[in-house]
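*Asks:* sharing a sequence plus its predicted fold:
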Amino acid sequence: MRVLHILEATGGGTARHVVDLCVGLAGQGVEVHLAYSPLRMDRILEGGLPLLRQSGVRLLELPLRRAPHPGDLKALLALRKYLKQAGLFDLVHGHSSKAGGLARLLRLLGSAKAVYTPHAFITLSPEINDAARWVYGLVERGLSPLTSTLIAVSEDEAREAIRLGYPREKVRIIPNAIGLRTSQGEAREEVRGRLGLGHNDLAVGFVGRFVSQKAPLILLDAFAKVAPKNPQARLVMVGDGPLGNTLKQRARELALEDRVIWPGFMDGRQTMRAFDIFALSSVYEGFPYVLLEAMAEGLPLVATRVGGTELAIREGENGFVVPIGDIQGFAQSLDLLLSDTALRRRMGENSRIRVQQFTVDKMVEATLALYKELLQE
């Protein structure tokens with residue numbers, strides 16, 4: 001089997017998903033090619049390129065812009081040329097909207113069946129206006145007939161795909177996944193020491209980009225409500241982004257300067273060893289990897305009701321799910337966990353058990369089974 005993957009969104013969870021999937025498929029004997037854009041490449045894909053090469057994945061660097069651009073036609077023709085030169089492919093698999101669009105447009109030029117993984121539809125964002133949502137929805141509906149199968153990474157994303165006009169029988173759910181091997185690095189107390197956390201401090205942790213999609217201001221405001229009652233609590237905001245200065249100004253306004261730690265960019269999963277609770281306040285997601293990483297580190301979770309939380313969190317068992325933007329509800333859930341050591345331990349252990357459902361091996365096996373099914377049709 002020969003498969004070409006296309007990726008423009010070469011950062012964050014999407015890049016991680018593609019690296020894990022391509023390496024896993026190559027390990028199952030699939031001839032994997034990956035066309036990727038260097039324009040938005042972050043450390044995740046950059047660090048994954050050597051592993052991809054070592055696994056036998058053939059790489060094609062193809063500059064792509066996130067927004068619609070005249071260069072998209074040039075990229076489409078470059079992909080068509082590559083398909084002709086490299087020989088027949090069984091499938092083309094596009095990840096996120098730009099690469100997903102190109103993968104399906106290639107069918108008009110005579111390419112193989114097209115698989116599309118959206119990795120969070122932009123139409124799920126409450127921040128875009130109705131006109132933009134209509135336009136994005138129209139594009140998805142237009143490309144639907146060219147889609148052999150759409151892979152949703154969560155039930156929320158699958159529901160949105162069907163709402164956008166994708167036939168139910170063309171939509172499959174294959175959740176994101178992580179490797180569960182014990183991660184190397186510093187022990188919990190060493191990481192806590194580097195963060196400046198004391199022995200009795202309780203760390204509520206966030207890992208991600210400081211952008212509006214992640215809504216870190218919601219978390220900051222919720223923490224402000226529980227901080228006076230829980231003097232031992234500290235908020236650790238791991239990451240960076242355009243909202244960084246705004247967040248720090250808000251922390252000063254809330255008199256939280258001594259209660260919030262800003263370590264910048266760090267290895268997410270390793271840093272989670274220092275946490276006692278993991279918090280995610282996003283307004284929309286596909287299926288965030290940070291939830292799975294936090295579960296693997298044995299943490300109880302508090303998260304908004306976005307894509308993936310319905311799969312990762314069993315309410316009251318390994319965490320709490322609150323409505324998007326509900327500062328009071330978020331604060332109440334944090335308070336429950338901060339005030340109950342036994343509850344934190346029980347939920348953390350349940351997270352460690354539940355995450356075993358979301359392994360990379362299972363994700364690769366499910367994707368490969370879908371590929372084979374498509375080729376038999």
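*Replies:* Yep, it's here. Numbering: from 1, shown residues only.

*Asks:* domains for this protein, by residue range?
*Replies:* Domains of the chain are assigned by automatic domain parsing as 2-177+359-376, 188-357.

*Asks:* put together JSON lines for these, with mean neighbour count and mean pLDDT on each row.
*Replies:* All C-beta spots, glycine's among them, are computed from the backbone N, C-alpha and C. Converted to JSON lines, those look like this (neighbours: other Cβ atoms under 10 Å; pLDDT from 0 to 100):
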{"stretch": "domain 2-177+359-376", "mean neighbour count": "18", "mean pLDDT": "94"}
{"stretch": "domain 188-357", "mean neighbour count": "19", "mean pLDDT": "95"}
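
*Asks:* where along the stretch 151-300 of the chain do the helices fall?
*Replies:* For the stretch 151-300 of the chain, the helices defined by DSSP state H, counting those that start in this stretch occupy 155-163, 188-195, 216-226, 244-253, 268-271, 289-296.

*Asks:* could you say which helix or strand contains the closest residue to residue 16 other than its chain neighbours?
*Replies:* Spatial nearest neighbour of residue 16, chain neighbours left out: residue 44 (5.2 Å); criterion: Cβ to Cβ, 6 or more residues apart in numbering. Per DSSP states H and E, residue 44 falls inside helix 43-54.

*Asks:* tell me what angle that helix forms with helix 289-296.
*Replies:* With axes from the mean of the first three to the mean of the last three Cα atoms, to 10 degrees defining the directions, helix 43-54 sits at 80 degrees from helix 289-296.

*Asks:* quick one on the thing from earlier: pretty sure the residue nearest to residue 16 contacts residue 18?
*Replies:* No - in this structure, residue 44 is not within contact of residue 18 by Cβ atoms under 8 Å, at 9.6 Å.

*Asks:* give the helix, strand or coil label for the closest residue in space to residue 279 that isn't next to it in sequence.
*Replies:* Distances taken as Cβ to Cβ, 6+ apart place residue 302 nearest to residue 279, at 4.9 Å, with adjacent residues excluded. Following DSSP: H, G, I helix; E, B strand; the rest coil, the label given to residue 302 is strand.

*Asks:* for residue 12, see how far away residue 302 is.
*Replies:* 21 Å (Cβ to Cβ, to the nearest Å).

*Asks:* what does residue 124 give?
*Replies:* 16 Å.

*Asks:* what of residue 20?
*Replies:* 13 Å.

*Asks:* please enumerate the strands of the protein.
*Replies:* Taking DSSP state E to define them, one finds strands in the chain at 2-7, 31-36, 58-61, 91-95, 113-117, 149-152, 171-173, 202-207, 233-238, 260-264, 277-280, 301-304, 319-322.

*Asks:* would you reformat those as CSV and include distance to residue 342?
*Replies:* Output for the strands of the chain, formatted as CSV (distance: least, Cβ to Cβ, whole Å):
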stretch, distance to residue 342
strand 2-7, 44
strand 31-36, 47
strand 58-61, 50
strand 91-95, 42
strand 113-117, 40
strand 149-152, 36
strand 171-173, 34
strand 202-207, 14
strand 233-238, 17
strand 260-264, 26
strand 277-280, 14
strand 301-304, 17
strand 319-322, 15
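
*Asks:* those strands: which one's closest to residue 187?
*Replies:* Closest to residue 187 of the strands of the chain, according to Cβ to Cβ: strand 202-207, at 14.9 Å.

*Asks:* still on that earlier bit, relative to residue 287, which of the strands of the chain is closest?
*Replies:* Per Cβ to Cβ, nearest to residue 287 of the strands of the chain: strand 149-152, 8.8 Å.

*Asks:* packing partners of the closest one?
*Replies:* Contacts defined by 3 or more Cβ pairs under 8 Å, 6 or more residues apart in numbering; DSSP states H and E place strand 149-152 against strand 113-117, helix 155-163, strand 171-173, helix 360-376.

*Asks:* what's that strand in contact with?
*Replies:* For strand 149-152, contacts defined as Cβ atoms under 8 Å, 6 or more residues apart in numbering pick out 115-118, 158, 160-161, 166, 170-174, 367, 370, 374.

*Asks:* brilliant, that's me finished.
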